[in-house]
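Peer 1: Sequence plus the predicted model coming up.
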Amino acid sequence: MSLSFFNTLARDVQAFAPLDPAGKKVGIYCCGPTVYDFAHIGNWRTFVFGDLVHRYLVFKGYAVTHVMNITDVEDKIIRRVRETKITLREFTDQYETAFFDDLKALNCLMPHYTPRATEHIPEIVSLIEKLIARGIAYQATDGSVYFSIEKYRGCGCNYGQLVKLNFDEMRAGERVASDEYDKESLADFALWKKRVPDDGDVFWPSPWGEGRPGWHIECSAMSMKVLGQSFDLHLGGEDLKFPHHEDEIAQSEGATGKPFVKYWLHGAHLLVEGKKMSKSLGNFFTLRDLLAKGFTGREIRYLLLTAYYRATFNFTLDGLTGAKSALARIDECVGKLRALANGTPDSGNSWLITEFTAALDDDLNVSSAWADIFEWVHEMNKRLVDKTLTSSQAAGELAMWNKINSVLGIESVAEAESPAEIVALLETRQAARKSKDFKRSDEIRDELKAKGWVVEDSPKGPKLKKL
Ligand code: AMP
Ligand code: ZN
């Protein structure tokens, strides 16, 4: 089976074939954070999903360019800036920095490009100029510039590619100025919003007077600037299908006359304890809230990655506690494999990599992959006890596990920070301590010291520190 994705555009699972004639380069655009607050755990489900797509395409041998924009000007931000009385940049900077810190805490690969909307005003203006020149956009009497759905459809273009829309009740020329609206308020939407007193200092000059861009045009301008007029994959949470992504398609295809995106992937939402997250219900968590409760980024990442991305996921604190023990099971098994392998060259392949690839090729079915992984852990533990695993076989299993980890990104902290040889020595020392061979364990401690590492024993287990 080859790699396939559920493409919202086709409402079906489709085999993945990049636009690149050489079949090598792949462009991904994932709608990034609106930096008006700390990202919550629901947002993180979507961003970790974006990271999974990125990592899996690299695993499959593609040359990936991952773009994630920073929405640093839109309605909600302007409202907050007005309340806080600091400048737009001061306001958004704090949440942008927090976002990148959180991204690191969750071990997400840094996207190759993270463009800010406020640094793309010329590109946005030029895109709007193209739409006006093609007769698809117009400046209304309120001074703002709108996208005309009627004119766009009149050119034979299709509005409603991602969602089914009812045009019967839509009155031509009716307009919606806000960035967010629902399908019932289907109307011409704002591309450039004329400056109003409430905008304070947030405005830029343009051919239509001072103002600021609408949210949707920002993503069209930034994605096409980095990835070209047509690119492979566009990702986001399911709530973005309408109007945001539908409007992105209309603006981009309206301006270029070319298909905008080949595959649209939408992640289902995350619920907390079975309910929609809300501050009033007390079930609203930012990543920081969870870290403050003592959970690690690794545990949170693991939990977010246990569910198939198109299934609604119920996030619970009990689930996070479960994540801790699931990871401990994996760590213990990998630790023993490493102690047995002890630097031996690896031999052969493991069945797990074949099953893992088959599961992820099938629209990133991680749930099925986890079932395989825990079956593997069970089998490895049994073979370790039965002593039916040679050192080189253990090394082979470990090499395969590292490849899988390049996709899952849940390597243990010791693995991430210390060389494999040092980690292996630590694990051998642990095994010696367990079997009360303290002479051997002391020898290994000295050996580690000679190599520049100290072991600190703590109630949570041993920790490696560089001398
Ligand atoms: P925002 O910062 O509000 O623009 O959202 C950033 C991303 O998080 C978007 O792709 C949203 O679709 C996504 N998102 C928002 N709420 C949730 C949720 N509860 N579960 C999953 N993704 C979400
Ligand atoms: Zn977007």
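Peer 2: Arrived safely. Ligands and ions are numbered 1, 2, ... in the order given.
Peer 1: What residue in the stretch 151-300 of the chain comes nearest to ligand 1?
Peer 2: Ranked by CB to the nearest ligand atom, the top residue of the stretch 151-300 of the chain for proximity to ligand 1 is Gly237, at 2.0 Å. Bear in mind the C-beta positions are built from the backbone N, C-alpha and C, glycine included.
Peer 1: That residue reaches His266, doesn't it?
Peer 2: Yes - Gly237 is in contact with His266 according to CB atoms under 8 Å; the separation is 6.8 Å.
Peer 1: Where do the helices of the stretch 201-350 of the chain begin and end?
Peer 2: If DSSP state H, counting those that start in this stretch is used as the criterion, the helices of the stretch 201-350 of the chain fall at 215-227, 246-256, 287-292, 297-304, 317-341.
Peer 1: will you turn those helices into CSV that also has mean pLDDT and distance to Pro18?
Peer 2: As requested, these are exported to CSV (pLDDT from 0 to 100; distance: least, CB to CB, whole Å):
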stretch, mean pLDDT, distance to Pro18
helix 215-227, 98, 12
helix 246-256, 98, 19
helix 287-292, 96, 32
helix 297-304, 98, 27
helix 317-341, 95, 33
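Peer 1: For Asp182, find the nearest of the ones you listed.
Peer 2: For the helices of the stretch 201-350 of the chain, proximity to Asp182 was assessed by CB to CB; helix 246-256 is nearest, at 11.9 Å.
Peer 1: Specify the angle between that closest one and helix 215-227 in degrees.
Peer 2: 60 degrees (axes from the mean of the first three to the mean of the last three CA atoms, to 10 degrees).
Peer 1: one step back: indicate which one of the helices of the stretch 201-350 of the chain is closest to ligand 2.
Peer 2: helix 215-227 (3.2 Å; CB to the ion).
Peer 1: can you list contacts of the closest one?
Peer 2: 27, 29, 31, 65, 67, 69, 71, 73-75, 113, 115, 117, 120, 123-124, 127-128, 179-180, 189, 191-192, 231, 234, 243-244, 247-248, 251-252, 255-256, 260 (CB atoms under 8 Å, 6 or more residues apart in numbering).
Peer 1: Quick check: buried residues in that helix?
Peer 2: Buried residues in helix 215-227, counted by 16 or more other CB atoms under 10 Å: 215-224, 226-227.
Peer 1: go on, stretch 148-160?
Peer 2: Under the neighbour-count criterion of 16+ other CB under 10 Å, stretch 148-160 has 148-149, 151-152, 157, 159-160 buried.
Peer 1: going on from the lowest-mean-pLDDT helix or strand in the chain, what's the next piece of helix or strand?
Peer 2: Across the helices and strands of the chain, mean confidence by mean pLDDT, DSSP states H and E is lowest for helix 413-417: a mean of 53. Scanning forward in sequence from helix 413-417 by DSSP states H and E, the next helix or strand is helix 420-434.
Peer 1: Residue numbers of this structure in contact with ligand 2?
Peer 2: 31, 219 (CB under 5 Å from the ion).
Peer 1: where in the chain is pLDDT low?
Peer 2: Applying pLDDT under 70 to the chain flags residues 1, 348, 413-418, 420, 458-460, 466-467.
Peer 1: Which residues of it lie near ligand 1?
Peer 2: Residues of the chain found near ligand 1 (CB under 6 Å from any ligand atom) are 31, 33-34, 42-43, 45-46, 236-237, 239-240, 267, 269-270, 277.
Peer 1: run the last query once more with 5 Å
Peer 2: Applying CB under 5 Å from any ligand atom, we find that the chain lies next to ligand 1 at 31, 33-34, 42-43, 45-46, 236-237, 239-240, 269-270.
Peer 1: Distance to Arg175 and neighbour count added to those, as TSV?
Peer 2: Shown next, in TSV, are the residues of the chain next to ligand 1 (distance: CB to CB, whole Å; neighbours: other CB atoms under 10 Å):
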residue	distance to Arg175	neighbour count
Cys31	24	24
Pro33	28	26
Thr34	23	22
Gly42	30	21
Asn43	29	21
Arg45	34	21
Thr46	30	27
Gly236	25	23
Gly237	26	20
Asp239	22	15
Leu240	21	21
His269	29	15
Leu270	33	22
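Peer 1: In those, find the pair that's most separated.
Peer 2: Across the residues of the chain next to ligand 1 (CB to CB), the longest gap, 17.0 Å, separates Thr34 and Leu270.
Peer 1: What are the structural domain limits within the protein?
Peer 2: For the chain, automatic domain parsing gives the domain ranges 19-272, 336-412, 420-466.
Peer 1: quick one: which of those domains is nearest Gly294?
Peer 2: Proximity to Gly294 (CB to CB) singles out domain 420-466 among the domains of the chain, at 11.1 Å.
Peer 1: quick one: which of the residues of the chain next to ligand 1 is nearest Thr344?
Peer 2: Taking CB to CB as the measure, Thr344 sits nearest to Arg45 out of the residues of the chain next to ligand 1, at 39.6 Å.
Peer 1: from what I can see the closest one touches Asn314, true?
Peer 2: No - using CB under 8 Å, Arg45 is not in contact with Asn314; the gap is 11.2 Å.
Peer 1: list residues touching both of those two?
Peer 2: Common neighbours of Arg45 and Asn314, counting by CB under 8 Å, 6+ apart, are Leu270.
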